[in-house]
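*Asks:* next one to model:
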Amino acid sequence: MFEMRDRDGLARLGRLETPHGIIETPTLLPVINPNMLTVSPAEMAGAFRVQAVITNSYIIKKNDDLREKALDKGLHSLLDFEGPIMTDSGTFQSHVYGEVELEPLEIIEFQKAIGSDIGTVLDKFTEPDDSKEKADKDLTETIARTRLSAENKGEMLLAAPVQGGRFPDLRERAAKEVSKLRCDVFPIGGVVPMMEGQQYPMLVDVVMTSKMSLDPSKPVHLFGCGHPMLFSLAVLMGCDMFDSSAYAKFAKEGRMLFPDGTRFLKEMHELPCHCPVCSGHTAGELRDDTEAEKKLALHNLYATFSELRAVRQAIHEGRIWELAETRCRHHPNLLEGLKRLGKYKVFLERHEPLSRDLAFMYTSPESYHRPVVSRLQKRIMERYETPLRESTGAPNTDNTILFPEGSRPYSRTYAEPMRTVLEKAGAHFWVDSFFCPIPIELDEMYPISQSVIPGDLNPMILREKENALEEFESAGLFTSPPIRWEGEDTLGKLSGGSGALDLDMLRVKAVADMQFGRGAGNALLNGEVELVKSRKTRRIRNVIADGEHVLSMRAGDGLFTLKIPGARRLQDVFSKPRIRVQVVDDSVEFNREGKSVFAAFVEDADGNIIPGDEVLVVDGKDGLVAVGRATMTRDEMLAFEKGIAVKIREGVKQDSHG
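*Replies:* Numbers count the residues shown, from 1 in each chain. Predicted structure coming up:
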């Protein structure tokens, strides 16, 4: 069983339970050839804390000595490794050397007999250049074999490869079909030629098309991916496991792996690495070493697992996009692969967290195309409501002032110019931000205030910003054509009498609408409103409406924490299933006591919920049970059998609503 423990979008930290222990993901399973041990599994476990390895069951089966030892003493004894072992089925050998003398069920039974923790279906390998007719035929056979294998896997975990060549519709079909079966891991197959040919945009299409249709509660394994420079991009797309023999294969060829590429030892003057191998040798000494192949293999393993640790830390910190953007700039084709992700921004945005603990960090022009940017633009277009004159207290708000990008929060940076303008005319204020035009009252909200952006932007981004400005103007978001602020000279362009602006009330309403949907602000602010502000920072902390505490504003991301009275107000204006997670009856009392909602007890949920959303937990009759923060999407909540779906903040002891 697989459990997601933490996430950053599709990237996730997980735990896969196997008979021989837990595999913490994302991780790599080094390929072990029992006939050729460059580095032993025991040495890997000790020096690199390798949790699991993969070996080939067909190689073991066809070798009389290995077969007898594996059947007699077990696979773990054969490899001298106590942790989980995954076995491949012989598919690649069949593809390279012709049909092997194996039946699909025969190799499954053999993998079970030798004690494999994760066995693999004998699928049909499809080359990227194969015709659609052949890919379709191979896929049909693979699905039939997978169905037979799943019915006979016993207690062994089963890896069901997703094939389909380069064809998106076939990959989608494969993913949907294997997700219906009793399978435990989903390797994406047929991709090694793409990686060897540096066809990374095609790789992105294959992985994303597969991922979008796979059961999200199972780990995704990217077959043959073992280069450190690929890990961050693959994990960004939702891959959890990898396997590779590159550490040994490259060492045999005198090649060294690094996060930014591959280098031949014979061409190295320095060793730019801190691993024990590189720290203990000069390049010349390593070239002359009689054990150079073994030491290069060790270096390659150090580089591999060091990068995986960096990936896991990036997920924990919420920086997987920054890491992937940095790594992908090491190779033009890899950068094209990153750009290809733009095709899948809707799916990516669905899994993009509402906010992160650390600031949005610009790394390259590609940063502008992260899902968080497109979501912000989309929500302003769809959810932001231009303030009416009555709400601002101004005689008119016919003037729209557009300030240039500035220090954050914008409302402090431009406090004096706003006062100057309002002494002369009513106005509403926007900032020509990196992200898009931003209403001044949204300036404290993630990622607007929590971002580090260079002053000199790429021309491509400047064009995108202008396009966004035109779209906002066409959508009627401005009260009048924007007037760019150019200092005191701008005052002569204003019309109307003096104005006023209740920025605090505008902020609460606008942020509520952005966070919960248009109409939320009016519902939460209905009645006599009191804003409690921090004495030190003067920022809003709590929102009281008719004596009830409805919202608290978080200092970290400028978004709201929902209180029970606020939840009731939203429940009244948003019909089911909007912003709701419905739990089974057996879970209700636990959640009322403040205990988290586990995915196994979710009955239904709003399909628009994203990780980090404030949600209402309700029973089958739509009675409010609790409020909390979602950690999963609806699809994930309904798919996972283990793990927290909603972290409860406050339970309703007794539902007296209505």
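
*Asks:* surely Val39 and Leu298 touch.
*Replies:* Yes. Counting by Cβ atoms under 8 Å, Leu298 is a contact partner of Val39 at 6.4 Å. (Glycine included, C-beta is placed from N, CA and C.)

*Asks:* show me the common contact partners of the two, please.
*Replies:* Shared contacts of Val39 and Leu298 (Cβ atoms under 8 Å, 6 or more residues apart in numbering): none.

*Asks:* between the two, point out the one with more neighbours.
*Replies:* Taking other Cβ atoms under 10 Å, Val39 and Leu298 do not tie; Leu298 has more neighbours (23 against 20).

*Asks:* distance check, that one against Val508.
*Replies:* Using Cβ to Cβ, to the nearest Å, we find Leu298 at a distance of 58 Å from Val508.

*Asks:* same thing with Gly154?
*Replies:* 58 Å.

*Asks:* who's more crowded, these two?
*Replies:* Counted by other Cβ under 10 Å, Gly154 and Val508 do not tie: Val508 has more neighbours, with 24 against 10.

*Asks:* three-state assignment of the more buried one?
*Replies:* helix (DSSP: H, G, I helix; E, B strand; the rest coil).

*Asks:* counting neighbours, what do you get for the residue nearest to it when sequence neighbours are not counted?
*Replies:* Spatially, and ignoring its direct neighbours in sequence, Val508 is nearest to Val543 (5.7 Å; Cβ to Cβ, 6 or more residues apart in numbering). Val543 has 24 neighbours, counted by other Cβ under 10 Å.

*Asks:* check the secondary structure at Val543 for me.
*Replies:* Going by three-state DSSP: Val543 is strand.

*Asks:* and if you look at His428?
*Replies:* strand.

*Asks:* got the confidence number for it?
*Replies:* As predicted, His428 sits at a pLDDT of 93.

*Asks:* now the helix or strand containing Met195 - C-alpha only, PDB.
*Replies:* Using DSSP states H and E, Met195 sits within helix 192-196. The C-alpha coordinates for helix 192-196 follow below in PDB (Å, rounded to 0.1, in the frame of the first residue of the first chain):
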ATOM      1  CA  VAL A 192      14.600   4.400 -22.600                       C
ATOM      2  CA  PRO A 193      15.100   5.100 -26.300                       C
ATOM      3  CA  MET A 194      13.600   8.600 -25.700                       C
ATOM      4  CA  MET A 195      16.000   9.300 -22.900                       C
ATOM      5  CA  GLU A 196      19.000   7.900 -24.800                       C
END
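
*Asks:* now it: how far from the chain's centre is it?
*Replies:* Counting by Cα atoms, centre = their mean, to the nearest Å, helix 192-196 is centred 24 Å from the centre of its parent chain.

*Asks:* chain center to the following helix or strand past it, what's the gap?
*Replies:* Using DSSP H and E, the helix or strand that follows helix 192-196 in sequence is helix 200-213. Centroid displacement of helix 200-213 relative to its chain, using Cα atoms, centre = their mean, is 14 Å.

*Asks:* one more: stretch 71-90?
*Replies:* On Cα atoms, centre = their mean, the centre of stretch 71-90 falls 33 Å from that of its chain.

*Asks:* for it, output the C-alpha coordinates as PDB.
*Replies:* Provided in PDB are the C-alpha atoms of stretch 71-90 (Å, rounded to 0.1, in the frame of the first residue of the first chain):
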ATOM      1  CA  LEU A  71      14.400 -21.200  -5.600                       C
ATOM      2  CA  ASP A  72      16.200 -22.900  -2.700                       C
ATOM      3  CA  LYS A  73      17.200 -20.000  -0.500                       C
ATOM      4  CA  GLY A  74      15.300 -17.100  -1.900                       C
ATOM      5  CA  LEU A  75      16.000 -14.000  -3.900                       C
ATOM      6  CA  HIS A  76      17.200 -12.000  -0.900                       C
ATOM      7  CA  SER A  77      19.700 -14.600   0.100                       C
ATOM      8  CA  LEU A  78      21.000 -14.800  -3.500                       C
ATOM      9  CA  LEU A  79      21.600 -11.000  -3.600                       C
ATOM     10  CA  ASP A  80      22.600 -10.700   0.100                       C
ATOM     11  CA  PHE A  81      20.100  -7.900   0.500                       C
ATOM     12  CA  GLU A  82      17.500  -7.600   3.300                       C
ATOM     13  CA  GLY A  83      15.400  -4.800   1.900                       C
ATOM     14  CA  PRO A  84      12.700  -4.800  -0.800                       C
ATOM     15  CA  ILE A  85      13.700  -6.300  -4.200                       C
ATOM     16  CA  MET A  86      11.800  -5.600  -7.400                       C
ATOM     17  CA  THR A  87      12.200  -8.000 -10.300                       C
ATOM     18  CA  ASP A  88      11.900  -7.200 -14.000                       C
ATOM     19  CA  SER A  89      10.400  -9.800 -16.300                       C
ATOM     20  CA  GLY A  90      12.600 -10.200 -19.300                       C
END
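
*Asks:* poorly predicted segments of this structure, please.
*Replies:* 92-100, 388-397, 655-658 (pLDDT under 70).

*Asks:* domain ranges for it?
*Replies:* The record's domain parsing of the chain by automatic domain parsing lists 2-245+344-350, 360-500, 506-651.

*Asks:* tabulate these (CSV), appending distance to Trp321.
*Replies:* Below are the domains of the chain laid out as CSV (distance: least, Cβ to Cβ, whole Å):
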stretch, distance to Trp321
domain 2-245+344-350, 7
domain 360-500, 5
domain 506-651, 14
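
*Asks:* so which of the ones you listed is the most surrounded?
*Replies:* domain 2-245+344-350 (a mean of 21; mean count of other Cβ atoms under 10 Å).

*Asks:* tell me the bridge partners for the residue nearest to Val508.
*Replies:* Leu531, Leu551 (DSSP bridges).

*Asks:* pretty sure it is touching Pro565, no?
*Replies:* No. The criterion here is Cβ under 8 Å, and Val543 misses it with Pro565 at 10.1 Å.

*Asks:* show me whatever sits in contact with both of these two.
*Replies:* In contact with both Val543 and Pro565: 549-550, using Cβ under 8 Å, 6+ apart.

*Asks:* now Asn63: how far from Ile483?
*Replies:* In terms of Cβ to Cβ, Asn63 sits 80 Å off from Ile483.

*Asks:* wait, I meant Leu494
*Replies:* 7 Å.

*Asks:* what touches both of those two?
*Replies:* Asn399.

*Asks:* contacts only, for Ser77.
*Replies:* So Ser77 contacts Lys69 (Cβ under 8 Å, 6+ apart).

*Asks:* helix, strand or coil for it?
*Replies:* helix.

*Asks:* enumerate every residue touching His469.
*Replies:* No His there; residue 469 is Leu. 432, 436-437, 482.

*Asks:* out of these, who's nearest Pro19?
*Replies:* Pro19 lies nearest to Cys436 out of the contacts of Leu469, by Cβ to Cβ, at 51.5 Å.

*Asks:* now that closest one: closest residue in space that isn't a chain neighbour?
*Replies:* Cys436 sits nearest to Ala468 (Cβ to Cβ, 6+ apart), 4.1 Å away.

*Asks:* what about the one you found, which SS state?
*Replies:* Under three-state DSSP, Ala468 comes out as helix.

*Asks:* which residue is the nearest non-sequential neighbour of Glu82?
*Replies:* Using Cβ to Cβ, 6+ apart, the nearest residue to Glu82 is His76, at 6.3 Å.

*Asks:* quick one: contacts for the one you found?
*Replies:* 20, 82, 85, 115.

*Asks:* which one of those residues sits closest to Thr262?
*Replies:* Ile85 (27.8 Å).

*Asks:* the closest one pairs with what?
*Replies:* Val53.
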